[in-house]
Each structure stands twice: as structure tokens, then as C-alpha cells.
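Enquirer: have a look at this prediction, sequence included:
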Amino acid sequence: MIEAQSLTKRYGSKTAVDGISFTVQPGKVTGFLGPNGAGKSTTMRMIMGLDRPTSGRVTVNGKPYAEHASPLTEVGALLEAKAVHTGRSARNHLRALAATHGISEKRVDEVVEMTGLQSVAKRRVGGFSLGMGQRLGIAAALLGDPRTLILDEPVNGLDPEGVLWVRNLVKYVASQGRTVFLSSHLMSEMAVTADHLIVIGRGRIVAEGPVQDVVARATSASVRVRSPQAARLAELLTGPEVTVRPLEPGLLEVLGSSAPGVGEVAAAAGITLHELTPMTGSLEEAFMSLTQETVEYHSTALPSAGSGPGGPPPSAAPPAPAPTSAPAPTQEGAR
């Protein structure tokens, strides 16, 4: 379990993390989301004792990380995959870590096999691709069979098979009653991996709860309806609490009503329906809605396809014991 109480970190006049409190419970995958500069990495570094809080406190399994007698068996972390001695081989890097905790060579072999590093284990880490570096970082995080797993952007650089493997791995670890704290900018992946979310913006928590609850609170449900009599149906549905938007000829988006409600109106009027689909918001939509006021770095929208030099100008964009029996992922080549 990870517990933060009024956790604050300032760098001079800059407040990176602003009095946040949260609990990461064991037995589930907790996702940590936020735009660039929101304070995610700083928070993770404070959990790992790499940054000292300006005020507040954070503990892992009841103690600050630095007070654990055997930290690798308590917490496995991937914060920066490149933080390795580039002249060492992958196996020797893991052996050096293992030696600090009396971890056996057998366990080193297990995590090498588990992360798909067998064929490159004797190569120098300095020649690794981004994806292989990530695999080595995950292997190091799993080395001590930790009770808590903290992974910052673990699928960065991985191929689709590797992404799926990480997803299954963290779910497996959580299913064993371990604590998993995971950050990622891939909303589609977080939506199918995380059970619980903590969303941070400008150093403050802007949302927290089960994934579906966070999405439901931050987005609007709608109904997609297709009919050869769409114009007539739109007239019947539109009201003080119901908005109807034409998407294309014969296709409507209805906000403020339910699929059964739309179907009943259509049936009463004898209107034929070709499609009636309830639509729910996505995690990406929820994330954009929750963090739109906290984004520090804004991009500019590009012109739409087909608009030439004379077209309209672009508008501004809105603002573990790891399972030793787990299948090893397919190799990614080293550079």
C-alpha cells in the first residue's frame, strides 16, 4: 500500500506537487494520469525517496521507502529505464542489483526469461533499443519479488505484443494482492489496464475513483440513432433537456435521453430505425475534460486536410512476485 498525506514539493517559486493526499490500495491496478508537468514523476520520485518532500509524508507498506531494510523486496520501480551503467551487460546489471540484497542467480535468470531478454542478456546495455531498455527496467523492478510495483510509462517503446504482456503482468501482480501504481500517456491502454484512477493537474488531484466512475462524471452519455426519417425524429426528440445533433444525413446524436427513450418516441410515431446505439464517453475524453484547465504546454491545431495556402488559418487548440510461468514476450532487436 502507498499512502500520501498532504504531499508537497516546491522547487524555488515553482510548486510541482501541491498538498495531495491519496492511497494506492493493494489488489488492484491504480493508474496515475496527468498532462506533462502535472507532477506525476515528482510524486513517484518522492515515493521512492529520490526527492525529499517540502512538506507532507508518503509511505510504502507503512514506512518511508528509505526506512525499509530490504527495499527491493518491498518496492520494485521503473522510473527511468536509461538509469543503468551502459557498459554493463543486461545480466550483469541485474546481478549487481541482486547482490545488494542477496538475491539468487536463479531469480536473475527468471526475470531475464520472463522479460524476453535471453538472447541479448550478454550484450552491453548501451546498445539497447528503447523497447529493450524498458524490458530491462521492468526486469529490475521485478527482481526482488516486490510487494509493491511502481511503473512510470512502462510500455514506452514496446511493440504491441510487449504492451499486451505488460498489461497482463500488472493485472496478474494485482490479482495476487500486490500494490500496482502505473502511469501512462496511452489512454486506450490505461482504460483496459487500470481498475482505479488518480488524475493530477498542476500538482493537485482533479479526479479519483474507479475508471468507469471517473469517465461517467467527466463525460456525457449520448444515443446514436439512424433513420430514414431522421429530420422528423429530431423534431419529436428535441426539448428543454434533450439536444439533437445531425452527424450526417440520416444519422443523429441525441444528448439528454436514453436509447429506450428514443426508441419509444420513434415507435409511437411509427418511425423506422436502422440503428439505435447508446454511446458512453471514453477515458481520453474524460482526461481532456478534467485537465483542460491545467495543461501547461499547448499546441496549435493544424489546418484540416485539403485546406491549401488560401484556406482558413489554423485555430488554437484547446488549451511483484512476477509469475515465473508467464509467457515471455517476443524479442525486440537491439540497435
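Expert: Received, thanks.
Enquirer: can you tell me the helix or strand for the closest residue to Ala98 other than its chain neighbours?
Expert: Of all residues not flanking Ala98 in the chain, Val108 sits nearest, at 5.3 Å (Cβ to Cβ, 6 or more residues apart in numbering). (C-beta placed from N, C-alpha, C; glycine too.) According to DSSP states H and E, Val108 maps onto helix 105-114.
Enquirer: still on that earlier bit, enumerate every residue touching the residue nearest to Ala98.
Expert: Val108 sits next to 91, 94-95, 98, 143 when contact means Cβ atoms under 8 Å, 6 or more residues apart in numbering.
Enquirer: can you check Val180 too?
Expert: 28-30, 148-149, 151, 170, 173-174, 320.
Enquirer: with Leu130 instead?
Expert: 81, 156-157.
Enquirer: same check, this time on Phe32
Expert: 40, 43-44, 181-183, 197-198, 200.
Enquirer: low-confidence ranges, the stretch 151-300 of the chain, go.
Expert: Across the stretch 151-300 of the chain, the ranges flagged by pLDDT under 70 are 294-300.
Enquirer: which residues in it form helices?
Expert: Using DSSP state H, counting those that start in this stretch, the helices found in the stretch 151-300 of the chain span residues 160-175, 187-193, 211-218, 230-237, 259-268, 283-291.
Enquirer: just put the ones you listed in CSV and tack on distance to Gly133 and mean neighbour count.
Expert: Shown next, in CSV, are these (distance: least, Cβ to Cβ, whole Å; neighbours: other Cβ atoms under 10 Å):
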stretch, distance to Gly133, mean neighbour count
helix 160-175, 12, 19
helix 187-193, 19, 17
helix 211-218, 29, 18
helix 230-237, 53, 17
helix 259-268, 47, 15
helix 283-291, 27, 20
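Enquirer: can you redo those as CSV with distance to Val75?
Expert: Output for the helices of the stretch 151-300 of the chain, formatted as CSV (distance: least, Cβ to Cβ, whole Å):
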stretch, distance to Val75
helix 160-175, 12
helix 187-193, 20
helix 211-218, 24
helix 230-237, 54
helix 259-268, 46
helix 283-291, 27
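Enquirer: closest to Tyr65 out of these?
Expert: helix 160-175 (18.4 Å; Cβ to Cβ).
Enquirer: for that closest one, name the packing helices and strands.
Expert: Counting contacts by 3 or more Cβ pairs under 8 Å, 6 or more residues apart in numbering; DSSP states H and E, helix 160-175 packs against strand 29-33, helix 130-142, strand 148-152, strand 179-183, helix 187-193.
Enquirer: could I get the ones you listed as a markdown table with distance to Ala259?
Expert: Shown next, in a markdown table, are those (distance: least, Cβ to Cβ, whole Å):
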| stretch | distance to Ala259 |
| --- | --- |
| strand 29-33 | 29 |
| helix 130-142 | 42 |
| strand 148-152 | 38 |
| strand 179-183 | 34 |
| helix 187-193 | 22 |
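Enquirer: for Val163, find the nearest of the ones you listed.
Expert: helix 187-193 (6.4 Å).
Enquirer: number of residues surrounding Asp145?
Expert: Using other Cβ atoms under 10 Å, Asp145 has 17 other residues around it.
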